[in-house]
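Asks: output the structure for:
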Amino acid sequence: MANEGDYHQDHDRFIDDDNEPNKSLPPLLLMTSQPCQSLLEAVKPIEHLLENLTSKVLYSLDKCKNPKDGLLLDESAALYLYSLQWPKGQCSLYKMFNQALRNENRTMLLPYQNYLNLFISALNKLPSIQDRVWRGVSGDSSQQYRQGTIHIWWGVSSCTDMVNIADDFLGKGQHRTLFTIKCFNGKLIKNHSHYPHENEIILSPGTHFRVKAKSNPTLHFHIVDLEQIQPASESLAQSNTTTVASGTETSLQANLLLIWCDAD
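Replies: The predicted model follows:
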């Protein structure tokens, strides 16, 4: 089993928006109505893609033996596994997972389908955060975000409610873009993270935003003000929502299913 010393902290989860395709993509895969598998079973299709994945899963399960917020052990551990960062030189799960979510070829997401179901099931049970959160990216991305335009972030978006942490992640003396986001269904995973002090708030795949404003307070520092919005076809998505193991319909599922419904 992995131990504490096997992990490093590089904050890449919070600053990888430059990898967002920033364009319309084919729909995400539908969530199934099948009960969620255990975490060990859910990651079997991707074991060959990541070094020591089984060891990381066992470590996550051990750290989440007493899950909070009403989550099941495997649900809590799925979030914990996402927060882990593999040793330097190795690719972390969150990076591979987000690459698949952002890939135009949706078959690349198939090996992650069971993990995605478990991951979303965990998020569904967490209370929704209505607050302003921050997320950054190295370089100047502000030109892609014109006032009034609508954008979809296809990956899992890790944010923080502490602006100083978000800015610290980006470093100084270089071009950087800070997204300030007014969200209505962020999910605080502090109780299920390897780095609880980061106050990580997750926005689910397929979250829609409208650009409210942008500014350039210094030569190298760019700020983009985003507002989370409901997708235009939400009623259509809700009418086609599948159910999770508990049998309840959720807004997060509707958000994912919407991407099926409005992709054309």
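Asks: how about low-confidence regions in the stretch 1-150 of the chain?
Replies: 1-19, 29-35 (pLDDT under 70).
Asks: which residue ranges form the helices in it?
Replies: 39-42, 53-63, 73-83, 93-101, 113-125 (DSSP state H, counting those that start in this stretch).
Asks: adding mean neighbour count, write the ones you listed out as TSV.
Replies: Quick note: C-beta positions are derived from backbone N, CA and C, even for glycine. As requested, the helices of the stretch 1-150 of the chain are exported to TSV (neighbours: other C-beta atoms under 10 Å):
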stretch	mean neighbour count
helix 39-42	19
helix 53-63	19
helix 73-83	25
helix 93-101	21
helix 113-125	22
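Asks: and these: which comes nearest Thr177?
Replies: helix 93-101 (18.0 Å; C-beta to C-beta).
Asks: relative to Gly139, which of the helices of the stretch 1-150 of the chain is closest?
Replies: helix 93-101 (17.7 Å).
Asks: other SSEs contacting the closest one?
Replies: helix 73-83 (3 or more C-beta pairs under 8 Å, 6 or more residues apart in numbering; DSSP states H and E).
Asks: for the helix it packs on, the distance to its chain's centre please.
Replies: Its chain's C-alpha centre and that of helix 73-83 lie 13 Å apart, by C-alpha atoms, centre = their mean, to the nearest Å.
Asks: show me what contacts the residue lying closest to Pro67 once chain neighbours are set aside?
Replies: In space, and not counting its chain neighbours, Pro67 is closest to Ser76: 3.7 Å by C-beta to C-beta, 6 or more residues apart in numbering. Contact analysis of Ser76 by C-beta atoms under 8 Å, 6 or more residues apart in numbering lists 64, 67-69, 122, 191-192.
Asks: state the distance from Ser76 to Glu200.
Replies: For Ser76, the distance to Glu200 (C-beta to C-beta, to the nearest Å) stands at 14 Å.
Asks: ok, now Lys95?
Replies: Taking C-beta to C-beta, one finds Lys95 at 15 Å from Glu200.
Asks: give me the pLDDT for the residue nearest to His220 when sequence neighbours are not counted.
Replies: Counting by C-beta to C-beta, 6+ apart, His175 is the residue found nearest to His220 once chain neighbours are left out, at 4.8 Å. Looking at His175, its pLDDT reads 81.
Asks: ditto for the one 4 residues further on
Replies: Among the per-residue scores, Phe179 holds a pLDDT of 92.
Asks: mind checking how far the residue nearest to it when sequence neighbours are not counted is from Glu198?
Replies: Of all residues not flanking Phe179 in the chain, Arg135 sits nearest, at 4.7 Å (C-beta to C-beta, 6+ apart). Arg135 sits 12 Å away from Glu198, going by C-beta to C-beta.
Asks: again with Leu109
Replies: Look at Leu109 and Glu198: by C-beta to C-beta, they are 26 Å apart.
Asks: and Gln230, by the same measure?
Replies: 28 Å.
Asks: higher neighbour count, those two?
Replies: For Gln230 versus Glu198, the count of surrounding residues by other C-beta atoms under 10 Å is larger for Glu198: 23 against 15.
Asks: let me know the pLDDT of the nearest residue to that one once chain neighbours are set aside.
Replies: Excluding the flanking residues, the one nearest Glu198 by C-beta to C-beta, 6+ apart is Thr160, at 5.8 Å. For Thr160, the model assigns a pLDDT of 88.
Asks: ok, so what distance separates Thr160 from Ile150?
Replies: The value you get for Thr160 to Ile150, if C-beta to C-beta is used, is 24 Å.
Asks: look at those two and report which has more neighbours.
Replies: Between Thr160 and Ile150, counted using other C-beta under 10 Å, the more crowded position is Thr160 (23 against 11).
Asks: contact partners for the residue nearest the centre of the chain?
Replies: With distances taken as C-alpha atoms, centre = their mean, Val156 lies nearest the centre of the chain, 1.8 Å away. Val156 makes contact with 82, 94, 97-98, 101, 119, 202-205, according to C-beta under 8 Å, 6+ apart.
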